[in-house]
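Asks: Provide a 3D model corresponding to the input given below.
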Amino acid sequence: MFKHILLPTDGSDLSLRAVDTGIGLAAQLGAKVYAFHVVAPFPTVAYLAEMIQATQEFYTDEATRRAQRCLDEVRQRAEAAKVACTGGFEFDQRPYTAIIGAATRQGCDLIVMASHGWRGFDRLLLGSETHKVLLNTQIPVLVCH
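Replies: As a prediction, the model looks like this:
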């Protein structure tokens, strides 16, 4: 059935529950997983370039470390379940496009993701990024709550 499952994660408890669901499904099906984390780019303005550059470098370093921690958590969970796992992260202002793009590039045939994440009021219903993924991809999406 499914052979390669994309697991978007933001490190939240809910996204990790979706990760566990995806890993469990992969273990049952003999599938592999691809862990994916989207980082919002640093917002910049056109003045105070030196100060912004230093702040942007700090933000980028910290965001990269956080992304790696999120991916490492998924890899550890997959390893414990004996499921093959690779992963990556990407800077993108629109997480849903990065998720769909990663699924397409990696040849994933299923996306397993949380119903919402850490993005403010969007999480009150079906998170806006999850909703946008559902509306903009032909790849099946399993939404976990």
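Asks: tell me where the chain has helices.
Replies: 13-29, 49-80, 95-106, 128-136 (DSSP state H).
Asks: can you put these in a markdown table and add mean pLDDT, mean neighbour count and distance to residue 88?
Replies: (Glycine included, C-beta is placed from N, CA and C.) Below are these laid out as a markdown table (pLDDT from 0 to 100; neighbours: other CB atoms under 10 Å; distance: least, CB to CB, whole Å):
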| stretch | mean pLDDT | mean neighbour count | distance to residue 88 |
| --- | --- | --- | --- |
| helix 13-29 | 97 | 19 | 15 |
| helix 49-80 | 88 | 14 | 7 |
| helix 95-106 | 97 | 20 | 7 |
| helix 128-136 | 93 | 18 | 17 |
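Asks: including distance to residue 43, could these go into a markdown table?
Replies: Converted to a markdown table, those look like this (distance: least, CB to CB, whole Å):
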| stretch | distance to residue 43 |
| --- | --- |
| helix 13-29 | 23 |
| helix 49-80 | 9 |
| helix 95-106 | 15 |
| helix 128-136 | 18 |
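Asks: so which of the ones you listed gets nearest residue 145?
Replies: helix 13-29 (7.5 Å; CB to CB).
Asks: can you name the residues that contact the residue positioned nearest the centre of the chain?
Replies: What sits nearest the mean C-alpha location of the chain, by CA atoms, centre = their mean, is residue 8, with 2.5 Å. Residue 8 makes contact with 15, 36, 37, 38, 95, 99, 102, 111, 113, according to CB atoms under 8 Å, 6 or more residues apart in numbering.
Asks: before we move on, what about residue 107?
Replies: Per CB under 8 Å, 6+ apart, neighbours of residue 107: residue 4.
Asks: for it, what are phi and psi?
Replies: Dihedral angles of residue 107 (phi, psi; degrees, to the nearest 10) stand at phi 70, psi 30.
Asks: so what's it scoring on pLDDT?
Replies: If you check residue 107, the pLDDT there is 98.
Asks: kindly report the same for residue 117.
Replies: 60.
Asks: now residue 41
Replies: So residue 41 comes in at 86 (pLDDT).
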